[in-house]
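*Asks:* Pasting the sequence and the predicted coordinates here, then a few questions.
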Amino acid sequence: MLIHPWDAATGADEWVTFLRQHDFGELVASGRRRELPVVQPAHYAFDARDGGHTVWLHLARPNPVWPLLAENPRALFAVTGDYAYVPADWNAAPGGDPALGVPTSYYASVQLECTARVIDDPDEKADLLNRMLARFETAGTRVPVRPGAEPDRRLLPAIRGVELTVTGVRAKFKFGGNKDADHRAAIAGRLAGRDGPGDRGARHHLLRRTPDATG
């Protein structure tokens, strides 16, 4: 992933906040001497504490990712979001010919280099699932997972957990950082007017990363 200086994260707080605000990413495992990696989309839980960063997820036991992680526990976990298409006329230089503008994409993407640990112990899997339930479920709507209780005793063997210890981070926030504040404010106004699926998130990042913009 190419990261220009103006698109780089301003610090760990920025990409950590992004990961906490999102909940779906892609686990990429390459194994050893494989022609192609396995790319597995998954919901995740993320935690940052004591100077470390960890991602948890779980997948079905027949998933093709397991042999690759057994061969090589090094993996990538990628989360991309808040993306929006910026048309050519929006991106044209102020005062210039809109037809000569160059379209672009706005997005945030965080790619985590990780060491994976596969979790098969029933108690650890229960802890992982309870962590994810706490992340995704409304309090009081789901009883805790307990390895010795039904139906959990029968269902737990059908999944395996993954604990990803983060060892490196590449984070990109591509939101017009090479434009001046007035131009970025104008694009923010266009995004507000269009209000497409990713426009609100893209506009938030654009304005957040442009202190002088009020669009």
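*Replies:* Arrived safely. Residues are numbered from 1 along each chain as shown.
*Asks:* so Phe18 touches Val79, yeah?
*Replies:* Yes: the criterion here is CB atoms under 8 Å, and Phe18 meets it with Val79 at 7.3 Å. All C-beta spots, glycine's among them, are computed from the backbone N, C-alpha and C.
*Asks:* Ala88 touches Gly101, doesn't it?
*Replies:* Yes: counting by CB under 8 Å, Ala88 does reach Gly101; the two are 3.9 Å apart.
*Asks:* Settle it for me: which of these two has more neighbours?
*Replies:* Gly101 (16 against 13; other CB atoms under 10 Å).
*Asks:* got a list of what the more buried one touches?
*Replies:* Shown in contact with Gly101 (CB atoms under 8 Å, 6 or more residues apart in numbering): Pro87, Ala88, Asp89, Trp90, Asn91, Ala92, Ala93.
*Asks:* The spatially most central residue of the chain in helix, strand or coil?
*Replies:* The centre of the chain sits closest to Val79, judged by CA atoms, centre = their mean, with a distance of 2.0 Å. Three-state assignment for Val79 (DSSP: H, G, I helix; E, B strand; the rest coil): strand.
*Asks:* where does this structure have low pLDDT?
*Replies:* Residue ranges of the chain with pLDDT under 70: 212-215.
*Asks:* which residues in it form strands?
*Replies:* Per DSSP state E, the chain carries strands over the ranges 24-29, 38-43, 45-49, 52-60, 74-86, 104-119, 159-174.
*Asks:* Could you give the number of residues near Val102?
*Replies:* When neighbours are defined as other CB under 10 Å, Val102 has 9 of them.
*Asks:* dump the residue contacts of it.
*Replies:* Applying CB under 8 Å, 6+ apart to Val102 gives the contacts Ala88, Asn91, Ala92.
*Asks:* make it 6 Å
*Replies:* By CB atoms under 6 Å, 6 or more residues apart in numbering, the residues touching Val102 are Asn91.
*Asks:* How about Glu35?
*Replies:* Taking CB under 6 Å, 6+ apart as the definition of contact, Glu35 has no neighbours.
*Asks:* Show the backbone phi and psi for it.
*Replies:* Per-residue torsions, Glu35: phi -70, psi -40 (degrees, to the nearest 10).
*Asks:* Can you give me the separation between it and Leu68?
*Replies:* As judged by CB to CB, to the nearest Å, Glu35 and Leu68 stand 12 Å apart.
*Asks:* now do Ala9
*Replies:* 29 Å.
*Asks:* just His43 next, same as before
*Replies:* Per CB to CB, His43 is found 20 Å from Leu68.
*Asks:* my guess is Tyr44 contacts Leu57, does it?
*Replies:* Yes: using CB atoms under 6 Å, Tyr44 is in contact with Leu57, at 4.6 Å.
*Asks:* quick revisit: quick one, which of the strands of the chain gets closest to Thr210.
*Replies:* Of all those, strand 159-174 sits nearest to Thr210, with 11.4 Å by CB to CB.
*Asks:* which residues sit in contact with the closest residue to the residue nearest to the centre of the chain other than its chain neighbours?
*Replies:* Of all residues not flanking Val79 in the chain, Gly25 sits nearest, at 3.9 Å (CB to CB, 6 or more residues apart in numbering). Applying CB under 6 Å, 6+ apart, we find Gly25 in contact with Tyr44, Phe77, Ala78, Val79.
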